[in-house]
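S.K.: whatever this is, show me its structure:
(one chain, ligands or ions: 1)
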Amino acid sequence: MPDMDGIEVCQQLKNNQQWHHIPVIIVTALSDKEDLARCLDAGADDFISKPINSMELRARVRSMLRIKSQYDRIQDTMQLREEMMQTIVHDLRNPLIGITLGCDSLKALDISERGKQRIEQMGKTIEQMRFLIDDILTIGRIEAKKLVLNFTAIDIVEMARSIIADFESIILSKKLQLLGEFPTEPNYISGDTHLIRRVLNNLIDNAIKFSPQQSSIIIRIEHLPENPDRQDLIKIQVIDCGIGISPEQKQVIFEKYEVGNIVTGISQIGLGLSFCKMTIEAHHGTISVTNNHPKGSIFTVLLNRMQQ
Ligand code: ADP
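M.R.: Below you'll find the predicted structure:
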């Protein structure tokens, strides 16, 4: 071939989302084990040596087609399962609304202070469930490429301040400190207010879950002025002094249902960070995690700054 060899063609096919499922059989004159390994590393599903024997070639194609049709069936089943899960999750909302209304009418009754506190707690748990349901539905919409973002100008400093206020009681009850390090002036991004808030809530929820008592969590916001390679950015960091994340876990925790080390007494579902990653990427931003020193993790979100 004039511009690229067969291995390169195979590599390009396998790196392309649209074409990667097509089975590739490389027909090669190469017999060296290293060359054959190169074919397989390039993503080839099989190879056949020259000179070609037509009977063998047809048999290999038939075998590839059998594997492909099994692959297609698995894909269809997974899609069906995903759609069913989305429907079930969606239908969980209605009973939650009923429970919330029930709690509200209980609050109106003449009951003891202790009873009121219990109802308050129930309300918070219901809210967490509602957030989880909404996050799962958002992940499903992003995956199905059906998410419609409701873009508005968000003053991210103002949003972070109000989130810190929302977390006040849980921070106090866990004997932690939640500190803001912000620029003094407003800093705007263009985004979906509800979803960006959910991302920050998820990151802070995690920082709280995995931090020891008496430690501090910092939300830092910085404006990174433009340079020749890129436009103005807003950097948002959630910094904790908690259990930290190992290099192996850093590779996987942004994937669905991936959890790190299991910590007794802490709920770990493995959906929060995949929600954050998908949402931030839908806003053309990035999210990453690094170590905090001497202990803990730093989650960093970069988003384009909106010019005012
Ligand atoms: P969940 O918290 O429900 O497990 P996430 O997707 O938010 O789901 O997080 C996945 C995993 O990443 C967690 O189970 C935990 O092991 C790890 N992780 C996330 N945030 C932190 C953090 N701040 N410190 C330590 N580990 C974390």
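
S.K.: which parts of the stretch 51-200 of the chain are strands?
M.R.: For the stretch 51-200 of the chain, the strands identified by DSSP state E, counting those that start in this stretch occupy 151-155, 177-181, 188-192, in order along the chain.

S.K.: sheet partners, orientation included, of the second one?
M.R.: Think strand 177-181. Neighbouring strands of strand 177-181 in its sheet, by DSSP bridges, are strand 216-224 (parallel).

S.K.: what residues does the residue nearest to the spatial centre of the chain make contact with?
M.R.: Among the residues of the chain, residue 274 comes closest to the average C-alpha position under CA atoms, centre = their mean, at 1.6 Å. Listed by CB atoms under 8 Å, 6 or more residues apart in numbering, the contact set of residue 274 reads 139, 254, 255, 256, 257, 258. To be clear about C-beta, it is placed using only N, CA and C from the backbone, and glycine gets the same treatment.

S.K.: do you know how far it is from residue 281?
M.R.: In this view, residue 274 and residue 281 are 11 Å apart by CB to CB, to the nearest Å.

S.K.: can I get the contacts of residue 274 in a markdown table with neighbour count, secondary structure and pLDDT?
M.R.: Rendered in a markdown table, the data for these read as follows (neighbours: other CB atoms under 10 Å; DSSP: H, G, I helix; E, B strand; the rest coil; pLDDT from 0 to 100):
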| residue | neighbour count | secondary structure | pLDDT |
| --- | --- | --- | --- |
| 139 | 21 | helix | 92 |
| 254 | 20 | coil | 96 |
| 255 | 11 | coil | 94 |
| 256 | 15 | coil | 91 |
| 257 | 10 | coil | 88 |
| 258 | 15 | coil | 90 |
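
S.K.: circling back: return the distance of the residue nearest to the centre of the chain relative to residue 113.
M.R.: 40 Å.

S.K.: how about the strands of the stretch 51-200 of the chain in a markdown table, adding distance to residue 28?
M.R.: Compiled in a markdown table, these are given as follows (distance: least, CB to CB, whole Å):
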| stretch | distance to residue 28 |
| --- | --- |
| strand 151-155 | 51 |
| strand 177-181 | 58 |
| strand 188-192 | 50 |
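
S.K.: give me every residue in the stretch 151-300 of the chain lying close to the ligand.
M.R.: Residues of the stretch 151-300 of the chain lying near the ligand by CB under 6 Å from any ligand atom: 202, 206-207, 210, 240, 242-243, 245, 253, 259-261, 268-274, 297.
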